[in-house]
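Asks: please find the sequence and the predicted model below.
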Amino acid sequence: MPAGDAFTPDQLYDIERAVRLAEEVSGLHFSVYVGGADSETRPFALELLNELDDPDHSVLVYVDPAGRRLEIVTGSMARRQLSDSSAGLAALTMQTSFATGDLTGGLVTGVQQLGAHAHQAPLLHANEPHKQ
Amino acid sequence: MPITTKGDRRLTPGSDRRPEMAADGNDPDRPEVPRAEGARLRIVIAQLSGHTLLVFVGIPVLVIAVVALLVFAPSIANGPRYRPGLSWWAPPVWINGPTATKPDPANLPELPGAPGTTATAGAGVARTTGGASASW
């Protein structure tokens, strides 16, 4: 296969915009990693999550195009907002696009869906009790 | 008075083609023998002018080239596309990754420290993290 980048600048812009929108909607930190894994995908995705600035409030989407594997890892606090079933639905959406070769479309749709599922209506009181 | 020699025939108007046609060995009064298709095709091609070739060959080739360019232009502009089942060629990409250190995927397995520590930390995180997996 010829060498080159995984995404064009326009595709990167679309993914980054979807990530920003998901962060604004949910308040969580979203990160997307596309590449191969040196080991099993799940432990590797957990290592990537631990490398983030705030792993507890982060959601990592790991895609291994060569191994055709997808991992969505949610931090301990992010898991309260984004349940495993919701992550499974987003994974199913991304899986459908990835199977047709549409990496960008799958990532954009999946991240948007993750952000929508993680959205919580703001509470006017007792929203942040630790600051009261 | 015209000078004539022995065996010479007096040329009359309209009779100047007779000796030329007789040179082929064919009797001009008899119909011509059909020539081979290849020879006939060569004669037709030789008679085609450059303008005819331009109209009947150049324009179709140009139209085909334009259509082919329009079809393949998007793939040429976007580069190689991901095809499931084939090898992945691109280097890893980490979007919205850690801001403290520049992500270098080649060094990622070495960053957490000792392998034993990494395994313990990974197991600890695995108890509290969630998510989902899929394959295609």
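Replies: That came in fine, so what should we check first? Residues are numbered from 1 along each chain as shown, chains lettered A, B, ... in the order given.
Asks: how deep is B:Pro92 tucked in, by neighbour count?
Replies: 18 (other Cβ atoms under 10 Å in any protein chain shown). To be clear about C-beta, it is placed using only N, CA and C from the backbone, and glycine gets the same treatment.
Asks: excluding chain neighbours, what is closest to it?
Replies: A:Gly35 (2.6 Å; Cβ to Cβ, 6 or more residues apart in numbering or on different chains).
Asks: which residues does A:Val32 contact?
Replies: Shown in contact with A:Val32 (Cβ atoms under 8 Å, 6 or more residues apart in numbering or on different chains): A:15, A:19, A:60-61, A:63, A:107, A:111, B:93-96.
Asks: smallest gap between chain B and chain A, at which residue?
Replies: B:Pro92 (2.6 Å; Cβ to the nearest Cβ).
Asks: tell me the contacts of that residue?
Replies: Contacts of B:Pro92 (Cβ under 8 Å, 6+ apart): A:33-36, B:105.
Asks: out of those residues, who's nearest B:Ser49?
Replies: Using Cβ to Cβ, A:Val34 comes nearest to B:Ser49 of these, at 59.3 Å.
Asks: for that closest one, list each beta-bridge partner.
Replies: On the basis of DSSP bridges, A:Val34 is bridged to A:Val63, B:Val93.
Asks: isn't it up against A:Pro65?
Replies: Yes: applying Cβ atoms under 8 Å as the test, A:Val34 and A:Pro65 come out as touching, 6.7 Å apart.
Asks: so what sits against both of these two?
Replies: Common neighbours of A:Val34 and A:Pro65 (Cβ under 8 Å, 6+ apart) are A:6, A:103.
Asks: three-state assignment of A:Gly110?
Replies: On the three-state scheme (DSSP: H, G, I helix; E, B strand; the rest coil), A:Gly110 is labelled helix.
Asks: cool, and B:Ser133?
Replies: strand.
Asks: what number of residues lie near it?
Replies: Using other Cβ under 10 Å, B:Ser133 has 17 neighbouring residues.
Asks: and if you look at A:Asp102?
Replies: 16.
Asks: ok, now the one 10 residues further on?
Replies: A count of nearby residues for A:Gln112, using other Cβ under 10 Å, gives 18.
Asks: so it makes contact with A:Arg20?
Replies: No: between A:Gln112 and A:Arg20 there is no contact under Cβ under 8 Å: 10.9 Å.
Asks: shared neighbours, those two?
Replies: Common contact partners of A:Gln112 and A:Arg20 (Cβ under 8 Å, 6+ apart): none.
Asks: may I ask you to name the longest helix in chain B?
Replies: When chain B is parsed with DSSP state H, its longest helix is helix B:59-78.
Asks: run a quick neighbour tally on the residue nearest to A:Ser26 when sequence neighbours are not counted.
Replies: Leaving aside its chain neighbours, A:Ser26 sits nearest to A:Ala118 (3.6 Å; criterion: Cβ to Cβ, 6+ apart). Neighbours of A:Ala118 under the rule other Cβ under 10 Å: 25.
Asks: quick one on the thing from earlier: buried subset of the contacts of B:Pro92?
Replies: Buried subset of the contacts of B:Pro92 (neighbour count, 16 or more other Cβ atoms under 10 Å in any protein chain shown): A:33-36, B:105.
Asks: coming back round to it: hmm, which of the contacts of B:Pro92 is lowest in pLDDT?
Replies: Confidence by pLDDT is poorest for B:Pro105 among these, given 54.
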